[in-house]
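Colleague: Pasting the sequence and the predicted coordinates here, then a few questions.
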Amino acid sequence: MSEGIDEVLRSKLQQQGVWVSSMQELYNWGRKNSIWPLQFGLACCAIEMIATAASRYDIARFGGEVFRPSPRQADLMIVAGTVTKKMAPQIVRLYNQMADPKYVIAMGACAISGGPFKQGYNVLKGIDRYIPVDVYIPGCPPRPEALLHAFMELQRKIDEQKLSGANKAAHLDSEQPSEFPVPAFGKHDLEPPANPDVFHPPKLERV
Amino acid sequence: MESLEEIKARIEAAVPGAKIDIVTNGGPSQQHSLRVDNEHACDVAKWLRDDPALRLDFCSNVTGVDWLDRTVKKTVKVKKVVDGEEKEVNETTEEKIPGHIEAVYHLYSMTHKHGPVIIRIRTSDRVENACLPSLTPIWRSAEFQEREIFDLYGVKFDGHPDLRRILMWDEFEDYPMRKDYREPDDYEYEPTPHDDVLERAKPYYTPRPQIDGAESIVEGSKPT
Amino acid sequence: MKPNSYLFIVIFIGVALVFPLIPLALAWLWRRIFQPPKPGPQKNAIYECGVESLGEAQIQFRSQYYLYAIMFLIFDVEAIFLVPFAVAFTGLPVGAFIAILVFLLLLIEGLVWAWSKGCLQWER
Amino acid sequence: MSATVETLEAMERPPVSMGSRLEGELLEVSMGPQHPSTHGVFRMNVALEGEVVRKLKPVFGYLHRNHEKIGENVSYLGSMPYTDRLDYFCSMTNNWAYALSVEKLAGIEVPERAEYLRVILAELTRLQNHASLLGFLLNDMGAWGTPLMYAFREREKILDLFESLSGSRMMCDYMRFGGCRVDASREWLAYAKKIVDRFPRFVDELEQLIVGNEVVIARTQNVGNVSPELAVSAGITGPMLRACGVNYDVRKVDGYGFYPRFKFRIPLGEHGDTYDRLMMRVLEMGESVGILKQAFEQIPAGPIINPKVKIRAFRPPVGEAYGRIEAPKGELGFYLISDGGTNPYRYRVRPPSFINLTILEDMCLGHTVADVMVILGSIDIVMGEVDR
């Protein structure tokens, strides 16, 4: 997994009862198994998120059952539900107020791209216009198993984060911003309608 | 419950000068309504609520409806002298009906448990003085719904205790539920556009000349 | 040589001091080497359910809250004094017992008076 | 860095009249969109004097998804899946209300078996909605999580029924104009009967654990009282209205969907406080189980959809209609104006929880902050329906 340790050597040592690890592995192993989600439900996907946290689809098996109401103590924001233009500044402000190793799961079609309510005048077409999103889960609402799959996907992503070197984890890199400008309420729409350095829509070449 | 005609007669007897006419509803639901003029709306509503026989004390639903300006073609048989002799000619007259915004109130009675009496009040105009008398002092349930009509249709209710925007943010200026409302332009990234969305997404495409049959997009200018 | 009996207390205090300091030192080292702090105006803003906090927080509090502080005195500080009494409870002569009883009853009498005056009830 | 005496003097508050020095000023707090117990994104600007609420202004619109504007751009059948997302706890009753008002608009009859299926599914929705509400209400009262686990265990069983019948747990989109989409097989009905037979055990367990609990009684009795006159004038409907003693249930008043064939009683409260609202839900669950048992016996065989209804280009005649049902939260109505086209000219939803919030301020004045959460929890709001 990391260049530092040679796997063959590690397995041989393990047979002799010697366990070898690196600080990066321990650091990532500790963080990925105790992600505290922010208690933050918007719409129908929030009910599926609660059903995931309930006893049948138990998110506690992955260490994620501690839902913290305050962003100061949370390190994962599950945007579960339709992001409206009136709610977008609040979401970006909450994201800014979260402590630094923070991740975002865009749960449901509405959080990804506006979903079934895309034609609404008050609906933001996707939360990745203002904040960087780590894992997208399609579905309306996605089943609790899909949310668990997204949780495992996020854990895999955390596991591969580097402690140092060129592409080290965003929160360790001082150039990467940990705050994004909060959009203001304008006369007809939010100003700015999208955050250019976060929202990179693919330039579709109309062939 | 009495029929609408009886109610209309009793209202006109009780509230002098109230101009009431019955708006018939063509559909099978046969839910006809009473149109009340704006000046006497409050008195009529108060009477409807306090009348011992009706006791319409529950205003279930307050709806805003936006009727655009309509031109109605009427063909009418007119006798006209056409090159020398009398002939029946049907002549179509264009009649412009000015648009208006309407508030429809569905009233029920919780004491007598009888069905909907629907009253409608209309604004005189769609643009400037779109204002209606507020019936919140009579039925408290109309408070939030009238605020919603103000927010989404732009009808000022005079007499309303706390007329503010309820659903949109306060700095918002348009009235989004009106039929002629155009949304702000947000079409630069449309993966699979078609018909109307394609028209609005096209200005964002990168301009390029026509290549073997594909449509040529002259210049990508953002619509104002 | 028999170790001085106070040596254990010194070791105990040493461990008690070092034990919390190690994680703090680690965190400080981590902050210096791996993770540069990124404070910002938004991050340090007051968290109030996602909106900017309206109104001023440092207002004049009601006097009712100070009553609760005094009530706290009875319940908590008194308990601290009872701890050594409880530890040596079995080997105490009657005089010591009466002395602690006086202390206890004095405070309970204060509690009963406060209760009758209605300080425990948050008046509407 | 010691604060010298001079700096302290400078920070001293300007002299305020003697009166308010004792009471202390009003603290403006916004129990904002992101709050553990506002059941979604609902915000209240509360002015507090110490612990007591002096002013409370609700703020809506954080989940205003323009349901009615989209309803005007989409065909009649196209709006059916949108109604699932109105009150996303009870998608079956939303579908029924919409189907009922379109049937009134277009004059469509519904075969018997479809009507019975609708009653069964509506009462199942009422069971799981009231169970979830009690779980959330106790969540707000401080019993964090545990009662919610009990409630969601029951809810999962009923969601399995919905999923096996309509294909989706929460967004069933099951009803069509003139009937239902899928017929319920005999095994499904037997399985549903087994679950309904075991439901009273959950209600008794709930009653034993919670309803008699003195903490619950102390926290909810005469908190948030509502007088019957205020409730009627403010258009309150559903269990919240019946908690004030007003006997008004749309199932009895309108008698839609074969409800007159079933024998069931309407629980009524006396004081209109939070405890009565809580008891309304518990008793209504008992009544719903009664209705379900009778419906399971009487359900006839037969077609489940009216064959004459066109699916593709469904154009109701010009006109308007207002249909309403007794949804678990109150009277849910749809007001449709048709101009003969495939899209409704005006598509209006009468949301019960939005109108039940009219008197939130009247109920909360004078109570402490902790009570505001319990009162809001007892109103049972769902933001998808409040903001539409």
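Modeller: Noted; the coordinates are in hand.

Colleague: would you say residue C:24 is within a helix?
Modeller: Yes - applying DSSP: H, G, I helix; E, B strand; the rest coil, one finds residue C:24 inside a helix.

Colleague: Who are the contact partners of it?
Modeller: If a contact means Cβ atoms under 8 Å, 6 or more residues apart in numbering or on different chains, then residue C:24 has no contacts. C-beta here means a position set from N, CA and C on the backbone, and glycine is covered the same way.

Colleague: And the residue nearest the centre of chain C?
Modeller: Geometric centre of chain C, nearest residue: residue C:76, 8.6 Å, by Cα atoms, centre = their mean.

Colleague: Which stretches in chain A count as strands?
Modeller: Using DSSP state E, the strands found in chain A span residues A:76-80, A:103-107, A:135-137, A:184-185, A:190-191.

Colleague: tell me the SS of the residue nearest to the centre of chain C?
Modeller: What three-state DSSP gives for residue C:76 is helix.

Colleague: per-residue pLDDT, it?
Modeller: Note for residue C:76: predicted pLDDT of 86.

Colleague: Same check on residue D:312?
Modeller: Looking at residue D:312, its pLDDT stands at 81.

Colleague: Distance of it relative to residue D:342?
Modeller: 9 Å (Cβ to Cβ, to the nearest Å).

Colleague: So between those two, which is more surrounded?
Modeller: The neighbour comparison of residue D:312 against residue D:342 (other Cβ atoms under 10 Å in any protein chain shown) goes to residue D:342, with 15 against 7.

Colleague: Okay, and that one sits in which element?
Modeller: Assigned by DSSP states H and E, residue D:342 belongs to neither a helix nor a strand.

Colleague: Then residue D:138?
Modeller: Following DSSP H and E, one finds residue D:138 within helix D:112-141.

Colleague: Is that helix in proximity to chain C?
Modeller: No - judged by Cβ under 8 Å from any Cβ of the partner chain, helix D:112-141 and chain C are separated, with a smallest distance of 15.2 Å.

Colleague: which parts of that helix are buried?
Modeller: D:113-141 (16 or more other Cβ atoms under 10 Å in any protein chain shown).

Colleague: so where is chain D shaky, pLDDT-wise?
Modeller: Low-confidence segments of chain D, defined by pLDDT under 70: D:1-24.

Colleague: quick one: contacts for the residue nearest the centre of chain D?
Modeller: Geometric centre of chain D, nearest residue: residue D:329, 3.0 Å, by Cα atoms, centre = their mean. Residue D:329 makes contacts with D:87, D:90, D:129, D:238, D:352-353, D:356, D:380-382, D:385, as judged by Cβ under 8 Å, 6+ apart.

Colleague: between those, which is closest to chain C?
Modeller: Closest approach between the contacts of residue D:329 and chain C, by Cβ to the nearest Cβ: residue D:381, at 16.5 Å.

Colleague: close enough to count as contact, that closest one and residue D:355?
Modeller: No - counting by Cβ atoms under 8 Å, residue D:381 sits too far from residue D:355 to count as a contact (10.5 Å).

Colleague: and the residue of chain C found nearest chain B, helix, strand or coil?
Modeller: Taking Cβ to the nearest Cβ, chain B has its nearest neighbour within chain C at residue C:51, 11.7 Å off. Three-state assignment for residue C:51 (three-state DSSP): coil.

Colleague: Tally up the residues packed near the closest residue to it other than its chain neighbours, please.
Modeller: Leaving aside its chain neighbours, residue C:51 sits nearest to residue D:32 (4.8 Å; criterion: Cβ to Cβ, 6 or more residues apart in numbering or on different chains). For residue D:32, the neighbour count with other Cβ under 10 Å is 23.

Colleague: How about residue C:102?
Modeller: Applying other Cβ under 10 Å, we find 8 other residues in the vicinity of residue C:102.

Colleague: Now do it against residue C:96, distance only.
Modeller: Relative to residue C:96, and taking Cβ to Cβ, residue C:102 is found at 11 Å.

Colleague: Quick check: residues of chain C near chain A?
Modeller: Applying Cβ under 8 Å from any Cβ, we find that chain C lies next to chain A at C:34-36, C:38, C:40-43, C:45, C:47, C:50-52.

Colleague: please redo it, this time with the cut-off set to 6 Å
Modeller: When proximity is defined as Cβ under 6 Å from any Cβ of the partner chain, chain C approaches chain A at C:34-36, C:38, C:40, C:42-43, C:47, C:50.

Colleague: cool, the stretch 251-388 of chain D as well?
Modeller: Counting by Cβ under 6 Å from any Cβ, the stretch 251-388 of chain D sits next to chain A at residue D:384.

Colleague: From residue D:335, how far off is the one residue in the stretch 251-388 of chain D that gets nearest to chain B?
Modeller: The nearest approach of the stretch 251-388 of chain D to chain B comes at residue D:319, 2.1 Å away (Cβ to the nearest Cβ). Using Cβ to Cβ, residue D:319 is found at 12 Å from residue D:335.

Colleague: now residue B:111
Modeller: Between residue B:111 and residue D:335 the distance is 23 Å, computed by Cβ to Cβ.

Colleague: Looking only at neighbour counts, state which of those two leads.
Modeller: Neighbour comparison, residue B:111 and residue D:335: the larger count goes to residue D:335, with 27 against 14 (by other Cβ under 10 Å).

Colleague: correct me, but that one touches residue D:348?
Modeller: Yes - if you go by Cβ atoms under 6 Å, residue D:335 and residue D:348 touch, sitting 4.1 Å apart.
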